[in-house]
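Novice: Sequence unavailable; structure follows:
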């Protein structure tokens with residue numbers, strides 16, 4: 001139903017049944033899809049993604065269980081789907097949709113990478129689970145790298161800058177504040193853990209061009225970008241940090257467009273509670289700000305979660321379009337969640353919303369979408385439309401075939417290791433080492449001179465006199481000792497002056513080169 005500027009999501013079953021549609025021009029006001037496991041959230045997400053794609057709106061969605069990948073294959077005319085379509089007053093027509101598969105680990109889709117600089121100290125600090133002091137040192141590392149124009153591309157770049165901080169802690173501390181060795185050690189250990197978890201595959205180049213998410217196919221349908229997240233979900237902080245990075249990058253890169261006839265991109269956050277669990281206040285404030293303002297960039301954000309209480313109230317208040325599947329009310333917390341979910345809707349006097357939430361069948365939901373003036377409609381109990389694509393995952397062979405035919409194949413598949421902080425600092429260390437070696441060799445060449453001068457005055461060039469050979473050697477007189485010590489002192493003075501002169505010549509030559 002995209003032709004009339006709406007997406008058919010379902011049909012209400014109350015006194016006055018009517019199609020429940022999501023208006024495209026209000027789709028950038030964000031939304032929520034909630035409900036217990038097994039109540040049909042993934043199918044609802046698929047129905048909405050198909051509707052956006054048909055309307056020419058690109059979609060990004062994380063595929064936690066692999067089920068969403070079936071949208072790339074045509075569905076089947078199952079009796080249940082045909083019957084549900086008849087109840088909604090439509091004809092069931094199987095269809096397939098344009099899909100691009102992505103995977104941070106590069107196993108089930110095109111790799112996604114970003115640089116350490118793009119990730120930034122705030123998200124990286126959360127990913128590393130740093131305290132305030134350690135996060136302060138991480139900020140210093142980013143600042144020093146920025147001021148010295150040392151690009152932070154991957155983990156080894158950040159390690160190199162941290163090592164530089166450690167070696168120059170006293171000098172840097174006077175300008176930026178205390179650079180504690182314990183904090184640097186904690187960050188280095190955290191980076192090692194990240195590398196073990198596979199984050200090194202995410203942090204690097206070529207970095208993702210977010211415009212590759214904003215594509216349409218030759219028929220004008222929006223690309224459905226699916227992130228393989230089954231393995232990623234085993235590392236929830238990496239998953240959450242990645243999604244927040246992507247949202248912040250969209251916010252920074254896309255121009256202001258105001259309210260459009262349809263969004264430029266719709267973003268589905270599955271397992272949305274992971275975005276907020278353990279997040280410091282600074283990060284929560286940043287998330288709230290981005291969600292509130294990104295709609296003016298033409299981006300719609302839809303949180304998919306089991307419990308509405310998983311989303312902070314400041315963010316929940318921004319989610320205007322809502323689909324609520326069944327919740328269970330076995331414990332006091334469950335009952336609180338049911339009441340909280342019911343209170344977020346514009347109440348319908350025809351039924352008890354709290355009671356209905358616990359009675360909903362699979363494929364049934366409470367829906368409330370924004371109306372013409374941006375106000376939420378009365379909540380309705382509705383049957384969700386059947387998806388046109390396959391319900392269930394693609395086979396590995398089907399997925400591999402689609403990846404091989406992708407229009408961006410080869411763009412991100414191989415990592416690139418350009419010159420960055422690690423290489424720059426390594427060259428700097430090598431230069432310092434070469435200079436020191438040249439100076440040592442110059443001083444070593446003066447050894448014969450020192451010995452010769454010492455011998456002229458009856459002493460050697462070494463700091464200690466040679467060991468006596470045999471018992472018959474006479475002990476040097478006091479006069480001889482004084483003359484020998486004076487000779488050695490003069491020799492060291494002459495050697496130092498000559499050595500400094502040679503060192504200046506060496507450095508001067510290097511500078512000219």
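Specialist: Yep, that arrived. Keep in mind it's a predicted model, so treat the numbers as computed, not measured.
Novice: does residue 187 really touch residue 162, like I thought?
Specialist: Yes. Look at residue 187 against residue 162 with C-beta atoms under 8 Å: they come within range, at 6.0 Å. C-betas here are computed from N, CA, C, even on glycine.
Novice: Any stretches of the chain with poor pLDDT?
Specialist: Within the chain, the segments meeting pLDDT under 70 span 1-3, 433-434, 436-513.
Novice: related to what we said a few turns ago, what do residue 187 and residue 162 both touch?
Specialist: residue 141 (C-beta atoms under 8 Å, 6 or more residues apart in numbering).
Novice: ranges for the helices of the stretch 1-150 of the chain?
Specialist: Here the stretch 1-150 of the chain has its helices, by DSSP state H, counting those that start in this stretch, at 41-54, 79-88, 116-127, 132-147.
Novice: Point out the most buried one among the ones you listed.
Specialist: helix 41-54 (a mean of 24; mean count of other C-beta atoms under 10 Å).
Novice: Residue 234 is nearest to which of the helices of the stretch 1-150 of the chain?
Specialist: helix 116-127 (14.7 Å; C-beta to C-beta).
Novice: Please compute how far stretch 247-259 lies from its chain's middle.
Specialist: For stretch 247-259, the separation from the chain centroid amounts to 17 Å (computed by C-alpha atoms, centre = their mean, to the nearest Å).
Novice: and that stretch, which residues are buried?
Specialist: Across stretch 247-259, burial judged by 16 or more other C-beta atoms under 10 Å covers 247, 248, 249, 250, 251, 254.
Novice: Just the endpoints, please. Distance across it?
Specialist: Criterion C-alpha to C-alpha, to the nearest Å; first-to-last residue distance in stretch 247-259 is 18 Å.
Novice: again with stretch 292-302
Specialist: For stretch 292-302, the first-to-last residue distance is 12 Å (C-alpha to C-alpha).
Novice: Can you list the buried residues in it?
Specialist: 294, 295, 296, 297, 298, 299, 300, 301, 302.
Novice: Adding distance to residue 72 and secondary structure, write these out as JSON lines.
Specialist: Shown next, in JSON lines, are the buried residues of stretch 292-302 (distance: C-beta to C-beta, whole Å; DSSP: H, G, I helix; E, B strand; the rest coil):
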{"residue": "294", "distance to residue 72": "27", "secondary structure": "helix"}
{"residue": "295", "distance to residue 72": "28", "secondary structure": "helix"}
{"residue": "296", "distance to residue 72": "32", "secondary structure": "helix"}
{"residue": "297", "distance to residue 72": "27", "secondary structure": "helix"}
{"residue": "298", "distance to residue 72": "25", "secondary structure": "coil"}
{"residue": "299", "distance to residue 72": "23", "secondary structure": "strand"}
{"residue": "300", "distance to residue 72": "22", "secondary structure": "strand"}
{"residue": "301", "distance to residue 72": "23", "secondary structure": "strand"}
{"residue": "302", "distance to residue 72": "20", "secondary structure": "strand"}
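Novice: Of all pairs in the residues you listed, which one is the farthest apart?
Specialist: The most widely separated members of the buried residues of stretch 292-302 are 296 and 302, with 17.0 Å between them, by C-beta to C-beta.
Novice: so what secondary structure elements neighbour the helix or strand where residue 336 lies?
Specialist: Using DSSP states H and E, the element containing residue 336 is helix 332-343. Contacts defined by 3 or more C-beta pairs under 8 Å, 6 or more residues apart in numbering; DSSP states H and E place helix 332-343 against helix 353-359.
Novice: residues of the helix it packs on that come out buried?
Specialist: Within helix 353-359, the residues scored as buried using 16+ other C-beta under 10 Å are 353, 354, 356, 357, 358.
Novice: Out of these, which comes closest to residue 135?
Specialist: Set against residue 135, the nearest of the buried residues of helix 353-359 by C-beta to C-beta is residue 357 (40.3 Å).
Novice: Next secondary structure after the helix or strand hosting residue 249?
Specialist: Using DSSP H and E, residue 249 sits within helix 236-253. Sequence-wise, the next helix or strand downstream of helix 236-253 (DSSP H and E) is strand 265-270.
Novice: Show me what that next one is packed up against.
Specialist: Secondary-structure packing of strand 265-270 (3+ C-beta pairs under 8 Å, 6+ apart): helix 41-54, strand 59-63, helix 236-253, strand 299-305.
Novice: again, only using 7 Å
Specialist: Contacts defined by 3 or more C-beta pairs under 7 Å, 6 or more residues apart in numbering; DSSP states H and E place strand 265-270 against strand 59-63, strand 299-305.
Novice: ok, residues contacting the first one?
Specialist: If I follow you right, that is strand 59-63. Residues from elsewhere that reach strand 59-63 (C-beta atoms under 7 Å, 6 or more residues apart in numbering): 45, 49, 52-53, 68-69, 213, 222, 224-229, 265-268, 270.
Novice: what's the answer for the last one, then?
Specialist: By C-beta under 7 Å, 6+ apart, the residues outside strand 299-305 that reach it are 27-28, 30-34, 41, 45, 250, 254, 263-273, 291, 294, 311, 319.
Novice: so how far is that strand from its chain's centroid?
Specialist: That offset, for strand 299-305, works out to 17 Å (C-alpha atoms, centre = their mean).
Novice: Same check on stretch 303-310?
Specialist: Stretch 303-310 sits 21 Å away from the centroid of its parent chain (C-alpha atoms, centre = their mean).
Novice: how far does it stretch from start to finish?
Specialist: For stretch 303-310, the separation between the terminal residues is 10 Å (C-alpha to C-alpha).
Novice: for stretch 360-372, same thing?
Specialist: End-to-end span of stretch 360-372 (C-alpha to C-alpha): 28 Å.
Novice: before we move on, the earlier item: turn the helices and strands packed on strand 265-270 into CSV, including distance to residue 141.
Specialist: Formatted as CSV, these follow (distance: least, C-beta to C-beta, whole Å):
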stretch, distance to residue 141
strand 59-63, 30
strand 299-305, 31
